[in-house]
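Participant: Pasting the sequence and the predicted model now:
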Amino acid sequence: MIDLGQLELHRRGPTLRWELARIAFAAFPRWAERTLEIASARLCASRIPSIFSRDLHEIPPSLNDDLLDLFGRCERTLSNQFAFLSHSEEFEEEIDWARNQSTAWCTEMHAFDYGLDLALNYRISGDPRYARHLRYLMAHWIACNPPGQGDGWLLPPLARRIRNWVLAADLARQDWEKDAAFFSIINRSLALQAQFLSCYASTSQSLETTLDSARALALAGRFFGGSRGAELSAAGSQMLAARLDRSFDANGRLILSRPGAHLRLAQAMIEFIAFQRGQLAQDADFVSRLGEILAVMAGSLLPDGTQPLFGVSPAPLGEELADVFALAALILNSPEWKVLAGKFGIMPYMILGEPGWVRFQGIADAKWMPANCLQPHAGLYRLSGADSSAMVINARQPVDLSDHQDGFSYELAFLGQRVVVDSGVYLPEWESQQQYFATSGAHNVLLIDGEGPNCAGHEDIHSTAAITEPDGETMGLRLTHSGFSRLGIAHQRAWFRLGSCSWVVLDHLDGVGRHRATSLMHFYPTFELEVREKSALARSRSLTVSVVPLGPTHPHIFATRGKDPKFEGWYSPAIGTKYAAGVLRLEWEIVSWPWIGGYLIVPGSETSFEVGESDPTAKEVSFRLDEKDYKLSLAGVEGSWRLVV
């Protein structure tokens, strides 16, 4: 047994005794398959690869806030304070890599994103504290995590760590080149990690882990060079190409529906172009696919420029979206992506340097508006109104029970503000609410007898859609699926934009028996709900909206919030973070068929509304709003459908 105290790896020590660390590394047990170690011995690094720009002068003042955030994160890491998923751990002495029992938290700890932050801060500031502490953390991790053992060798943290260590090598080059013993240890450990990843990466079914593995292998190939390095890079390229092939149809259209997955694909593709010496930038098909992904991303953004929270992927950080669009603006020379980026962030500046920043500034400015965008191939639709109001609709049905049960859910923004939202992901497994976020009850869907529709049973199934052409300022979308067929019920849902910023959601059911239909609306946490006799109000400090039921019968209306014993309501804008949020439930008892019901969403607390006749057989509802008569129909007419104003 090696006494880690003998290694003198304390972060505040003036030197690190790498020779003892090497002895500790060699003392760990061999892998069960000795072939892995034999294969890793073929890897050798002749030098640290040049990945980032050498043409860095002075980071623009516009990034001062970003630099301050980076500095704050690094200072906490210097004190061995680690915060992931809204849970913090501080290590006063040596780091215990297995202290936290949450797999999700341990993944973040072992992935070493904070190590890349330290290297970035060292490259920018030149402060040796960051490089010294990075070496301490890496050597300590090697000493405490024997090859192939523990959470650190699971594929998700392994792939991310390899990438972070290779990128850190270039950023901390000036420090690492002074310490041959340390570099020898890192070289040996990365060889084992890269070989392990290359053997097992193909077993992953997760899109995110597959993409992380592809990026890691490509960078590991550059780190090691030679024929074996070329094999690693080729394996990474093949993994990315295979995942892209699964994400596009024969006509070159993106069929992957989850907004979070679009971002991960775009990140991986841009990184291959930027870090692999630009070979893929000359591949017209590769660049065309990147443009298609970006177009789907742009077509599903909310008016504030953020992605809806549909699916199992967590909400992306603002910097992630901005960096993707900033780099894409230069790769594709597109003003559209520049305006969506909004800024040229730290990472784009580090990758492309001063010339990249100058080119970015030279791209023509453009104005972006969230216009109507219909993307049936991706199962995403955006209906837009005036004054930065828009509704983004998810037409994709869940793949299985582990997927989020959010088919036919939507998000809605009024005047650029989030109003009706998806609940998000959350993720930490140490709280019981984790299961809530994947269930139908966490989304803006219709439930029958308290349950959502059956899962589709195969990947990326999209609903049958019909769309009305815009009639002045009015437009509609109708979707159909068979998710309630187990109950003998056929379901259609339609969304309408009326005028500038009034919205309608309608459901039509046809079946047999006695059932209860429940339509759910999850509100942004700043809204407080008030149930009135014939309607409900959602109030924040800056906005009030009214929800008015539609249909031949009036529903029971309920409002709950947070950890309510009858119906919970939460909102998770980032992994590990959740806020109590209001949920509105409209419940109808269905005793005769067919049935139609839904609700109108309008700004303001007082609205000029008069109920009209509704005909479930004709799939129509009628009402008068602001001195204008509406008749909304879900009935098909020769393959289309009609909306009468």
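Facilitator: Looks like it came in fine.
Participant: Is the residue nearest in space to the middle of the chain in a helix, a strand, or coil?
Facilitator: Taking CA atoms, centre = their mean as the criterion, residue 260 is the residue nearest the geometric centre of the chain, at 3.1 Å. At residue 260 the chain is in helix, as set by DSSP: H, G, I helix; E, B strand; the rest coil.
Participant: contacting residues for it?
Facilitator: 307, 311, 312, 313, 314, 315, 316 (CB atoms under 8 Å, 6 or more residues apart in numbering). In this view, the C-beta of every residue, glycine as well, is placed from N, C-alpha and C.
Participant: Closest one to residue 139 out of the residues you listed, please.
Facilitator: Nearest to residue 139 out of those is residue 314 (CB to CB; 30.9 Å).
Participant: For the stretch 351-500 of the chain, which segments are assigned as strands?
Facilitator: Taking DSSP state E, counting those that start in this stretch to define them, one finds strands in the stretch 351-500 of the chain at 373-375, 380-384, 390-394, 410-414, 417-420, 446-448, 464-467, 475-481, 490-498.
Participant: How about residues contacting the second one?
Facilitator: What it means is strand 380-384. Residues from elsewhere that reach strand 380-384 (CB under 8 Å, 6+ apart): 257, 259, 296, 299-301, 303, 369-375, 390-396, 465, 467, 475-477, 495, 497.
Participant: For the residue nearest to the centre of the chain, give me the pLDDT.
Facilitator: Residue 260 is assigned 89 on the pLDDT scale.
Participant: circling back to that earlier point, turn the strands of the stretch 351-500 of the chain into CSV, including distance to residue 427, mean pLDDT and mean neighbour count.
Facilitator: Formatted as CSV, the strands of the stretch 351-500 of the chain follow (distance: least, CB to CB, whole Å; pLDDT from 0 to 100; neighbours: other CB atoms under 10 Å):
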stretch, distance to residue 427, mean pLDDT, mean neighbour count
strand 373-375, 27, 89, 17
strand 380-384, 23, 92, 23
strand 390-394, 20, 95, 27
strand 410-414, 19, 95, 26
strand 417-420, 20, 95, 22
strand 446-448, 24, 96, 22
strand 464-467, 31, 59, 16
strand 475-481, 27, 85, 22
strand 490-498, 28, 92, 23
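Participant: Just put the ones you listed in CSV and tack on distance to residue 598.
Facilitator: Listed next are the strands of the stretch 351-500 of the chain as CSV, based on distance: least, CB to CB, whole Å:
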stretch, distance to residue 598
strand 373-375, 21
strand 380-384, 15
strand 390-394, 14
strand 410-414, 12
strand 417-420, 13
strand 446-448, 9
strand 464-467, 17
strand 475-481, 12
strand 490-498, 8
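Participant: Tell me which of those lies nearest to residue 526.
Facilitator: Once the strands of the stretch 351-500 of the chain are compared by CB to CB, strand 417-420 is nearest, at 8.6 Å.
Participant: any idea how far the closest one is from the chain center?
Facilitator: Remark: strand 417-420 is offset 18 Å from the chain centroid, using CA atoms, centre = their mean, to the nearest Å.
Participant: Kindly report the domain assignment for this protein.
Facilitator: 1-47+60-82+100-247, 248-368, 396-644 (automatic domain parsing).
Participant: Tell me if I'm right that residue 367 and residue 339 touch.
Facilitator: Yes. Using CB atoms under 8 Å, residue 367 is in contact with residue 339, at 6.7 Å.
Participant: who has more neighbours, those two?
Facilitator: Per other CB atoms under 10 Å, whichever of residue 367 and residue 339 has more neighbours is residue 339, with 18 against 7.
Participant: what's near enough to touch the more buried one?
Facilitator: Counted by CB under 8 Å, 6+ apart, residue 339 has contacts 365, 366, 367, 368.
Participant: Out of these, grab the one that's most surrounded.
Facilitator: The most crowded member of the contacts of residue 339, judged by other CB under 10 Å, is residue 368 (16 neighbours).
Participant: And it, how close does it get to residue 290?
Facilitator: For residue 368, the distance to residue 290 (CB to CB, to the nearest Å) stands at 19 Å.
Participant: where does this protein have low pLDDT?
Facilitator: Across the chain, the stretches falling below the confidence threshold (pLDDT under 70) are 1-46, 100-101, 277-281, 428-434, 455-473, 636-645.
Participant: same for the one helix or strand residue 507 maps to, what does it pack against?
Facilitator: Using DSSP states H and E, residue 507 sits within strand 502-510. Applying 3 or more CB pairs under 8 Å, 6 or more residues apart in numbering; DSSP states H and E, we find strand 502-510 packed against strand 490-498, strand 515-522, strand 595-603, strand 628-637.
Participant: repeat that for 7 Å
Facilitator: Applying 3 or more CB pairs under 7 Å, 6 or more residues apart in numbering; DSSP states H and E, one finds that strand 502-510 makes contact with strand 490-498, strand 595-603, strand 628-637.
Participant: List the neighbouring strands of the second one plus their orientation.
Facilitator: Okay, so that is strand 595-603. Sheet pairing for strand 595-603, assigned by DSSP bridges, gives strand 502-510 (antiparallel), strand 544-550 (antiparallel).
Participant: just those: most buried one?
Facilitator: Mean neighbours per residue, mean count of other CB atoms under 10 Å, is largest over the strands paired with strand 595-603 for strand 502-510, with a mean of 23.
Participant: quick check: angle from it to strand 628-637?
Facilitator: For strand 502-510 against strand 628-637, the angle by axes from the mean of the first three to the mean of the last three CA atoms, to 10 degrees is 40 degrees.
Participant: what's the neighbour count on residue 220?
Facilitator: With other CB under 10 Å as criterion, residue 220 counts 30.
Participant: I meant residue 624, not that one.
Facilitator: 13.
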